[in-house]
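Q: Sharing a model that was predicted from the sequence below.
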Amino acid sequence: MTLHGKNFVGSQLSAHGSEIITAVNPANGQKLDGTFTVATPIEISKATALASAAFAPYRKLSAEQRASFLDAIAEEIIALGDALLERAGLETGLPLARLTGERGRTAGQLRMFAAYIREGSWVQARIDPALPDRKPLPRPDLRRMLIPIGPVAVFGASNFPFAFSVAGGDTASALAAGCPVVVKAHPAHPGVSELTALAVLRAAAATGMPDGVFSLLHGVNETGEQLVSEPEIEAVAFTGSFGAGRALSKIAAARPRPIPVYAEMGSINPMFLLPEAVAQRTEALAAGLAGSITLGVGQFCTNPGLLVAMKSEALDTLKHSLGAAIAAIAPGTMLHSGISTNYQRSLDTLARSSGVSVVAQATTAENSPAGGSAALLVTTAEAFLANINLAREVFGPSSLLIECSSKGELEAVAAGLEGQLTSSIHGTDGDLEDFTELVSVVETKVGRLIFNGYPTGVEVSHTMQHGGPFPASSDSRTTSVGTAAIERFARPICYQDTPVALLPAALQNSNPSGIWRLVDGDLTKASV
């Protein structure tokens, strides 16, 4: 499939700039076919203006119309077939099986949001009917629900070219809420971005969506900075590094009218290995940890970068077995040379830190422009607590084991941690009885708490929470995975003594949508 390398400003192709982006195959460093034109400031402004114009008609569409749009996007993505997967493999170095699964997840997300808005209760309708005879003062008729916030800027992520990119969860949840989307494509996979955008726009045309409901812009840092600054943008969704997430948040906060930035910015996902579990499941834990640490060459935002356990003979055995497993893992291709370089630099810095030693490191790939080799390092609780830099994320297939001399040290490590996406606790029933305080502390640090499992892999479901206290994400009250993600792109409005003809269907007495509503404090589908 031939790539044109232009921006999609609404439904129109546009390429007025002179700066270009070229994709590179991370496996061999060779440039790939196609050049992609960076959007000019005028093109960025035009895309956001179109999104603003599309907002009024788009938000007024029925849930069924928006759901049909989402379903159509899923169908169009699958219809791209092998061309999409092949281009993604060339741009990311990810294996076909992984990409096929991620494409399925992306289509599944879109269909899940379609079903969710068809059901309709996500608007959280509340009705307190008027009480004109109430003493000493009458109560007015009050009706509250969520409505879409407006155009949303979405930033494609490097580590998930489908699920967290052009038509990923951020775009799906924003479109589901009734918000037009302007996507900044990730410069590492512009071809995949173009193909996916084509699928979205084909779906928009087939289902009669207003022009401007979706745009795709190629660009670099300046592109993203301007996009966040555009006055029509009402919210931002971002998955990436802490530095980039913070920079976008500062730009959004400095606008004349600040807007929210929902940034997922990384995590070390600490795993606590309690004594009885280590003694009873030594080899099973070693195998499970090796797989979780190195899955996807350590490029999931949920790979465990920190292991915390108490010193024992069983821990020595686990450390030896885990080290042997790590050393035997073949080096992998990382997403691009920048990630590979940053990983090696961060790993070298960690290994040179006082009190840290290398337990095992896999052989480094020779002549690989974006290679990544697994590693296991070890330190003491005392050294860790004395050096905050040891808690920094090393994005790649490595983990740091912290050996604690006592229960108190283990709990002190937990208490000293910053916010995380996840944390896992491996323990027997006896362990968990002995470490109840640990559980209480870890609850305050994470968005998802896992028992006797591994954090890699995030279930796309109604109950998933993917987002944790700062610095894991910019707002711990929200998630970027699962249907609750839609709430990021909606705001509440209360209608007081509103004429019946002006009430949205969700708040009408007859409840024509058949949704769950809180009426006078009772959850019901009944009419008022």
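A: Now that the structure is in, tell me what you want to look at.
Q: any low-confidence regions in this structure?
A: Residue ranges of the chain with pLDDT under 70: 365-367.
Q: So the closest residue to residue 443 other than its chain neighbours, which state does it fall into?
A: Leaving aside its chain neighbours, residue 443 sits nearest to residue 449 (6.2 Å; criterion: C-beta to C-beta, 6 or more residues apart in numbering). C-beta here means a position set from N, CA and C on the backbone, and glycine is covered the same way. At residue 449 the chain is in strand, as set by DSSP: H, G, I helix; E, B strand; the rest coil.
Q: Same check on residue 349?
A: Recorded secondary structure, residue 349: helix (three-state DSSP).
Q: what about the residue nearest to residue 443, how many neighbours?
A: Residue 449 has 17 neighbours, counted by other C-beta atoms under 10 Å.
Q: which residues sit against the top helix by length along the chain?
A: Longest helix in the chain by number of residues (criterion: DSSP state H): helix 96-119. With C-beta atoms under 8 Å, 6 or more residues apart in numbering as the test, helix 96-119 has contacts from 63-64, 66-68, 70-71, 73-75, 77-78, 84-85, 88-89, 92, 94, 122, 160-163, 167-169, 172-173, 175-176, 296, 460, 462, 483, 486, 515.
Q: after it comes which helix or strand?
A: Following helix 96-119 in sequence order, the next helix or strand is strand 126-128 (DSSP states H and E).
Q: residues contacting residue 284?
A: Residues in contact with residue 284 (C-beta under 8 Å, 6+ apart): none are found.
Q: That one and residue 456, how far apart?
A: Residue 284 sits 16 Å away from residue 456, taking C-beta to C-beta, to the nearest Å as the criterion.
Q: try residue 446
A: Relative to residue 456, residue 446 is positioned 15 Å away (C-beta to C-beta).
Q: cool, and residue 359?
A: The gap separating residue 359 from residue 456 is 20 Å, by C-beta to C-beta.
Q: and what of residue 443?
A: Counting by C-beta to C-beta, the gap from residue 443 to residue 456 is 21 Å.
Q: neighbour count winner among the two?
A: Ranked by neighbour count (other C-beta under 10 Å), residue 443 and residue 456 place residue 456 first, with 19 against 10.
Q: looking at this, the more buried one is in a helix?
A: No: residue state for residue 456 (three-state DSSP) corresponds to coil; a helix is not indicated.
Q: Is residue 179 in a helix, a strand, or coil?
A: coil.
Q: Let me fix that, I meant to ask about residue 475.
A: Put simply, residue 475 is coil when judged by three-state DSSP.
Q: which of the contacts of helix 96-119 are buried?
A: 63, 66-68, 70-71, 73-75, 77, 84-85, 88-89, 92, 94, 122, 160-163, 167-169, 172-173, 175-176, 296, 460, 483, 486, 515 (16 or more other C-beta atoms under 10 Å).
Q: Please flag which of those residues sit within helices.
A: 63, 66-68, 70-71, 73-75, 77, 84-85, 88-89, 92, 169, 172-173, 175-176.
Q: In this structure residue 142 contacts residue 492, no?
A: No: counting by C-beta atoms under 8 Å, residue 142 stays clear of residue 492, with 11.9 Å between them.
Q: Mind jotting down where the helices sit in the stretch 151-300 of the chain?
A: Using DSSP state H, counting those that start in this stretch, the helices found in the stretch 151-300 of the chain span residues 169-177, 190-206, 221-229, 242-254, 275-280, 282-294.
Q: ditto for the stretch 351-500 of the chain
A: Listed in chain order, the helices of the stretch 351-500 of the chain (DSSP H, counting those that start in this stretch) span 381-386, 407-416, 429-434, 436-443.
Q: Tell me which of those sits nearest to residue 251.
A: With C-beta to C-beta as the criterion, residue 251 lies closest to helix 407-416 of the helices of the stretch 351-500 of the chain, at 30.9 Å.
Q: list the buried ones in the closest one?
A: Here helix 407-416 shows 409-414 as buried, counting by 16+ other C-beta under 10 Å.
Q: closest to residue 233 among those residues?
A: residue 414 (38.4 Å).
Q: ok, so what distance separates the closest one from residue 525?
A: Remark: distance between residue 414 and residue 525 (C-beta to C-beta) = 44 Å.
Q: one step back: between residue 142 and residue 492, who's got more neighbours?
A: Using other C-beta under 10 Å as the criterion, residue 142 and residue 492 rank with residue 142 on top: 16 against 12.
Q: Could you list which residues are in contact with that one?
A: Residue 142 touches 126-128, 494-496, counting by C-beta under 8 Å, 6+ apart.
Q: Including neighbour count, could the residues you listed go into CSV?
A: Listed next are these as CSV, based on neighbours: other C-beta atoms under 10 Å:
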residue, neighbour count
126, 18
127, 22
128, 17
494, 11
495, 16
496, 11
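Q: Out of those, which comes closest to residue 438?
A: Nearest to residue 438 out of those is residue 126 (C-beta to C-beta; 38.6 Å).
Q: Can you tell me how far the closest one is from residue 513?
A: In terms of C-beta to C-beta, residue 126 sits 14 Å off from residue 513.
Q: now swap in residue 519 and tell me
A: Distance, residue 519 to residue 513, using C-beta to C-beta: 14 Å.
Q: need the contact list for the closest residue to residue 45 other than its chain neighbours.
A: Spatially, and ignoring its direct neighbours in sequence, residue 45 is nearest to residue 230 (6.3 Å; C-beta to C-beta, 6+ apart). By C-beta under 8 Å, 6+ apart, residue 230 lies in contact with 44-45, 48, 153.
Q: can you name the two of those that are farthest apart?
A: Top of the distance list for these (C-beta to C-beta): 45 and 153, 12.7 Å.
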